[in-house]
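# here is my input, please return the structure:
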Amino acid sequence: MQLGYSYIKSLDVSEVAYHHAMRLRDETGFSVHVGVLKGTDVVYIYRAMSQSVMVSNITVGTRLPAFATAMGRVLLSNLDAQAVDALFDSYVFEKFTDKTIASLPELKKALAKDRARGFVAQESQLASGTMAIAAPLTDSTGQYVGAINVSGHQTQLSLDDALIDQVRACAAQISVLL
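Below you'll find the model as predicted:
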């Protein structure tokens, strides 16, 4: 067992998440991504693309502003107020849609709600008509080491409790292995 746990600990987040992310994609029919926080960006490290006609086509290696993505926000919600202030002190918030967070006070308010919920479900923050649900991936100490999401177009994906529960359950299963 020790050898098995040593092997699992040597894997990176995307390797551990691979099978669970594929299963989540197959069960939901939506694209699934895994990301990590790098400064003010979320970096996409794994993608299980949906077979649907309308898909989220964000590729591995893509960096997006964390404040405007569900995975980025869930990862930022693990930071204390001082760390968020330090990251976004002189940051220029780009307004991608009319729903995009536009300032540090607005971000901090959203992060407080995200922290209390333990997940992020958002609509049209980065692109109009998009929806995403993200949950954190935690290590054995409870620190957020990544996030997983489902994303899609609002005509297909709804932010309902059953789908939120599926994303959170998948994140919990991956976290056990991390």
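
# outside of stretch 98-108 itself, list whatever touches it.
Applying CB atoms under 8 Å, 6 or more residues apart in numbering, the contact partners of stretch 98-108 are 67-68, 76, 81, 84-85, 88-89, 91, 93-95, 110, 123-126. From N, CA and C alone the C-beta is placed, and that goes for glycine too.

# low-scoring pLDDT stretches of this structure, where are they?
Under the criterion pLDDT under 70, the flagged ranges of the chain are 1-11, 52-56.

# in a strand, S90, correct?
No - counting by DSSP: H, G, I helix; E, B strand; the rest coil, S90 is not part of a strand but coil.

# please tell me how far it sits from T40.
Distance of S90 to T40, computed by CB to CB, to the nearest Å: 11 Å.

# neighbour count for those two, which is higher?
T40 (15 against 5; other CB atoms under 10 Å).

# isn't that one right next to A66, touching?
Yes - T40 is in contact with A66 according to CB atoms under 8 Å; the separation is 5.7 Å.

# can you say which helix or strand has the spatially most central residue of the chain in it?
Closest to where the C-alpha atoms of the chain average out (CA atoms, centre = their mean) is M71, at 2.0 Å. Element membership for M71, per DSSP states H and E: helix 70-76.

# how about V145?
Per DSSP H and E: strand 144-153 holds V145.

# T141 versus the nearest residue to S140 once chain neighbours are set aside, what's the distance?
In space, and not counting its chain neighbours, S140 is closest to L178: 7.2 Å by CB to CB, 6 or more residues apart in numbering. From L178 across to T141, the span is 10 Å (CB to CB).

# and those two? Which one has more around it.
Using other CB under 10 Å as the criterion, L178 and T141 rank with L178 on top: 18 against 6.

# tell me how far the more buried one lies from A172.
11 Å.

# cool, and S151?
The value you get for S151 to A172, if CB to CB is used, is 19 Å.

# those two - which one has more neighbours?
S151 (24 against 14).

# got the contact list for that one?
Per CB under 8 Å, 6+ apart, neighbours of S151: 30-33, 56, 58, 70, 130-133, 157.

# of those residues, which belong to helices?
A70 (DSSP state H).

# for the chain, just list every one of the strands.
Remark: strands assigned in the chain by DSSP state E are 31-38, 41-48, 63-65, 120-123, 130-138, 144-153.

# save those strands as CSV, and put in distance to D161 too.
Formatted as CSV, the strands of the chain follow (distance: least, CB to CB, whole Å):
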stretch, distance to D161
strand 31-38, 18
strand 41-48, 22
strand 63-65, 26
strand 120-123, 10
strand 130-138, 10
strand 144-153, 14
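
# what's the closest of those to H20?
For H20, the closest of these is strand 144-153, at 7.8 Å, according to CB to CB.

# perfect, I'm done here.
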